[in-house]
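**Q** Sequence plus predicted model, see below.
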Amino acid sequence: MIESVKNILSSFVPMKLITNNCNPILLYHSLGNNSKFAENIDHVGLEILETQLKNIQKYWKFVSIDEYVNAKSKKGLASLTIDDGYKNVIDDALEVFENLNTPFTIFINSSTIDGKIFWRDKVRYLIENDLVQKFINSSALFTKNHSERFYFITKDPKFNSIQVEKDIDKFLLKENLEINLSHKICFDNKEYFIEHPLVSYGNHTASHYVLSSLSPQEQYHEIIECKKFINRLNINKSNVFSMPFGGNQSFNRDTLSILNDLNYKYILKSTNNLNTPTLSNQINRFMPKTGKLEQTMKKLYLKKIIKR
């Protein structure tokens, strides 16, 4: 009932009100027409992507995220960011961005380039193969009460992400289980780091751990290793940092202090909110899921008003 009322109210929100007060900072992950990815990760097909970008371009101009944060006036600007470095962004979606002359920034996890399996894929492996309860029985970190919401529990800041991954690795080794690498879908070699006028690359840490779950020393290592990797490449580099998981609980004061010391002045969050130009260096992003982007933005704007 409440949701129906919100839908009705949002339909009366004029787009001009949104364009005058907000900047859509879009967040994507996997982009392409291979539907097998859609089940387990945030995925958008190419036709929907094209529709979404055209909808945004009716009201805003796309600029790179670095151009956005450095602009004196942000009115009329939008930006497109892509987290995790899925191969299909370059293999499949690049042509869409080129046809629409849309700049974008890919925020990468450098450890996958060195052949490491993304730790969230290990979590998904346990879930997809009905191994969660067996793993929990062997782990000192978790109890049987954690099995129902296992995917979300494993990224709870209460559990050190490094230790979670070590526990999973220990379990896989003990059970003589091996994750099939033939379906690796994130960047795993340097060929995906291309020199292109529309493409830039940024820091999303080495391993995509929950930073607030780590010690300050562990956090520093995660951030600096990815920064070093990017700096070694001859590519367009972003000076904006994309926070892994992106919620307010996924970082802490130590994180902000380290980022400031490493000259990252702006932070991208994943709060599913429209960004409002303010003096804050924490930038809200939202994940568009359908082609009906105008209606989505009207709902987000209404949510922002209600919270005030």
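**A** It's in. Residues are numbered from 1 along each chain as shown.

**Q** can you list the domain ranges for this protein.
**A** 2-114+190-307, 119-181 (automatic domain parsing).

**Q** Turn those into a markdown table, including mean pLDDT.
**A** Formatted as a markdown table, those follow (pLDDT from 0 to 100):
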| stretch | mean pLDDT |
| --- | --- |
| domain 2-114+190-307 | 89 |
| domain 119-181 | 91 |
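
**Q** can I get the ones you listed in a markdown table with mean neighbour count?
**A** (Each C-beta comes from the backbone N, C-alpha and C, glycine too.) As requested, the domains of the chain are arranged in a markdown table below (neighbours: other Cβ atoms under 10 Å):
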| stretch | mean neighbour count |
| --- | --- |
| domain 2-114+190-307 | 18 |
| domain 119-181 | 15 |
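
**Q** Show me what stretch 133-145 is in contact with.
**A** 126, 146-147, 150, 153, 159, 163-164, 167-168, 170-171, 174-175 (Cβ atoms under 8 Å, 6 or more residues apart in numbering).

**Q** will you turn these into TSV that also has distance to Asn236?
**A** Output for the contacts of stretch 133-145, formatted as TSV (distance: Cβ to Cβ, whole Å):
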residue	distance to Asn236
Leu126	37
His146	42
Ser147	44
Phe150	38
Ile153	38
Phe159	36
Gln163	36
Val164	34
Asp167	38
Ile168	35
Lys170	40
Phe171	40
Lys174	44
Glu175	43
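
**Q** Tell me what the residue nearest the centre of the chain is bridged to.
**A** The residue lying closest to the centre of the chain (Cα atoms, centre = their mean) is Asp83, at 3.9 Å. With DSSP bridges applied, Asp83 shows beta-bridge pairing to Phe107.

**Q** you'd agree it is up against His204?
**A** Yes - contact criterion Cβ atoms under 8 Å: Asp83 and His204 qualify, at 5.8 Å.

**Q** which neighbours do the two share?
**A** Phe107, Ser242.

**Q** May I have the secondary structure class of the nearest residue to Asn236 once chain neighbours are set aside?
**A** In space, and not counting its chain neighbours, Asn236 is closest to Ser200: 3.8 Å by Cβ to Cβ, 6 or more residues apart in numbering. Assigned by DSSP: H, G, I helix; E, B strand; the rest coil, the conformation of Ser200 is strand.

**Q** Provide a list of residues in contact with Ser200.
**A** Ser200 neighbours (Cβ under 8 Å, 6+ apart): Ser64, Ile65, Asp66, Pro103, Phe104, Thr105, Ile106, Ile235, Asn236, Lys237, Ser238.

**Q** Could you rerun that using 7 Å?
**A** Ser64, Thr105, Asn236, Lys237, Ser238 (Cβ atoms under 7 Å, 6 or more residues apart in numbering).

**Q** Check Ser213 too.
**A** Pro157, Phe159, Asn160, Ser161.

**Q** Tell me which of those fall in helices.
**A** Ser161 (DSSP state H).

**Q** Which one of the contacts of Ser213 is nearest to Ile194?
**A** Nearest to Ile194 out of the contacts of Ser213 is Ser161 (Cβ to Cβ; 29.9 Å).
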